[in-house]
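Visitor: Quick one: sequence and predicted model below, then my questions.
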Number of protein chains: 2
Amino acid sequence: MADDQTGVFKALADPTRRQILQDLRDGELAAGEIASRFPISGPSISRHLTVLKAAGLVEERRAANRIYYSLVEERLAVSLGNFLSVVCPEQVVMRHKRKKPSRTRSTP
Amino acid sequence: MADDQTGVFKALADPTRRQILQDLRDGELAAGEIASRFPISGPSISRHLTVLKAAGLVEERRAANRIYYSLVEERLAVSLGNFLSVVCPEQVVMRHKRKKPSRTRSTP
DNA sequence: AAGTTATGTAGCTCTATGGCTAAATAGCTA
DNA sequence: TAGCTATTTAGCCATAGAGCTACATAACTT
């Protein structure tokens, strides 16, 4: 994909893909489970998942027969957050999430 | 455009349009001034501006011969912010901007 | 091994997108 | 009015995008 940011925004430009991300908010789902939520064909969903994966917005985990997809929240937050902070820094605040806290204290 | 959100995300999917928004961050610019910053033709820029305007991300002001475009910051912040707050609410915080404070007190 | 389920890949079609040039419009300026 | 500048509109082309069906893979289940 062109640059990194373009990959993310292009991925988000499709309503089906945005809905997939939203569906993944509550936890991972197998490809088929995702497909069953939409009126379009399995292969089409498969391609949407490929696009999301290429953009780094989802990850896959293979187990048995299935392929489970899950949201990469930080990727999404960082991409959009970066753009927002450049174009309208006054209106949105990124909540910084430590990548690796030096010593894990009480991480709820 | 499909729904509102799709209009915004599709508009943002193009790097030239994102750069235009970024250029407008420092204040309004005439169409020609914008065009002169890119290696592509005037008419192409004009169409990009039409897309941004349709998405509600820029506004135009006509003065004399010129058409000045300016950023609609809130539109951008609210669209992306809404989506982010649905998909990964933990990571980004919208800074609420009062539309019309009933009585302006000490707004920190 | 054979069959079944879960997904992805190939290849086709149609529409949308983005770039270009040429021409139209709008509004100054002389 | 004639002409100049700024910008958009029209129309063309090439590429990308999204949907579909048919087929190929992968991995379980008998």
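Guide: Cool, the structure landed.
Visitor: To which secondary structure element is A:Arg47 assigned?
Guide: Per DSSP states H and E: A:Arg47 is located in helix A:42-54.
Visitor: Could you pull out the buried residues of the very next helix or strand once past that helix?
Guide: Downstream of helix A:42-54, the next assigned helix or strand under DSSP H and E is strand A:58-63. Residues of strand A:58-63 classed as buried: A:Val58, A:Glu60 (neighbour count, 16 or more other Cβ atoms under 10 Å in any protein chain shown). In short, each C-beta sits where N, CA and C put it, glycine included.
Visitor: so how far is strand A:58-63 from its chain's centroid?
Guide: Here strand A:58-63 is found 12 Å from its chain centre; the criterion is Cα atoms, centre = their mean, to the nearest Å.
Visitor: Would you mark the buried spots in the very next helix or strand once past that strand?
Guide: With elements assigned by DSSP H and E, the helix or strand that comes after strand A:58-63 is strand A:66-71. Of the residues in strand A:66-71, A:Ile67, A:Tyr68, A:Tyr69, A:Leu71 count as buried by neighbour count, 16+ other Cβ under 10 Å.
Visitor: can you give me the strands in chain A?
Guide: Using DSSP state E, the strands assigned to chain A run over residues A:29-30, A:58-63, A:66-71, A:92-94.
Visitor: check whether the first one contacts DNA strand C.
Guide: It refers to strand A:29-30. Yes - Strand A:29-30 lies within reach of DNA strand C by Cβ under 7 Å from any atom of the strand, at A:Ala30.
Visitor: now for that strand, which elements pack on it?
Guide: If you count contacts as 3 or more Cβ pairs under 8 Å, 6 or more residues apart in numbering or on different chains; DSSP states H and E, strand A:29-30 packs onto strand A:66-71.
Visitor: Model confidence for the most centrally placed residue in chain A, exactly?
Guide: Nearest to the geometric centre of chain A sits A:Leu57, at 3.0 Å (Cα atoms, centre = their mean). pLDDT for A:Leu57: 98.
Visitor: now swap in A:Cys88 and tell me
Guide: Looking at A:Cys88, its pLDDT reads 88.
Visitor: from memory it sits against B:Glu73, does it?
Guide: Yes - using Cβ atoms under 8 Å, A:Cys88 is in contact with B:Glu73, at 4.1 Å.
Visitor: residue contacts, the residue in chain A that DNA strand C sits nearest to?
Guide: For chain A and DNA strand C, the shortest gap (Cβ to the nearest atom of the strand) falls at A:Gly32, measuring 2.1 Å. By Cβ atoms under 8 Å, 6 or more residues apart in numbering or on different chains, the contact set of A:Gly32 is A:Gly42, A:Arg66.
Visitor: Show me the shaky parts of chain A.
Guide: Along chain A, segments meeting pLDDT under 70 span A:1-2, A:92-108.
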